[in-house]
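> A predicted structure for the sequence below; I have some questions about it.
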Amino acid sequence: MYKEVREAWLAEQRETAIRPLNNDFFGGARRYLKQLEDTEGEMPELLKVKKERVKYMLMDLVELRLEKMFSSVITGVHLNDEALTQGERSIYDDLRRLLKAEEDRLEELGEEEFVVVRLLVDLPEIVGADLQT
């Protein structure tokens, strides 16, 4: 599993597009980390370092993929849904829905009506602070 995590992490760093992962990738990685943690008591230093590296690569992989999803939603470029895991697909759909709702709300604010006011009485001349305008 270490090799799979490392390859996925390196590929995600190299590519601008989000790389496909199988739906159980993160589940398998979690089980692998749990297995490493269960043997932590009798673990030699090398395995401890390996566990820390796997944690780092997984966290960075998740951050890279989230950044790509955010960027895609903001720019309006649609991601390949096949490249996302089931959990990521849910996050991506929620992000798109939230951004669309916010855009709709902002458009409604911009559609305020103008009211024409007609003055039927003479008003005194408006003079500014400089007494000229």
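Happy to help now that I have it.
> in this protein, where is pLDDT below threshold?
40-43, 110-112, 133 (pLDDT under 70).
> so what touches the helix or strand hosting residue 6?
Using DSSP states H and E, residue 6 maps to helix 2-14. Helix 2-14 has contacts (Cβ atoms under 8 Å, 6 or more residues apart in numbering) with 18-19, 21, 25, 28-29, 32, 50, 53-54, 57-58, 60-61, 64-65. Glycine gets a C-beta too; all of them are placed from N, C-alpha and C.
> can you tell me which two in these are farthest apart?
Maximum pairwise distance among the contacts of helix 2-14 (Cβ to Cβ): 26.3 Å, between 18 and 50.
> more neighbours, those two?
Using other Cβ atoms under 10 Å, the more surrounded residue of residue 18 and residue 50 is residue 18, with 21 against 14.
> who's in contact with the more buried one?
12, 65, 68-69, 72, 79-80, 83-84.
> good, wrapping up.
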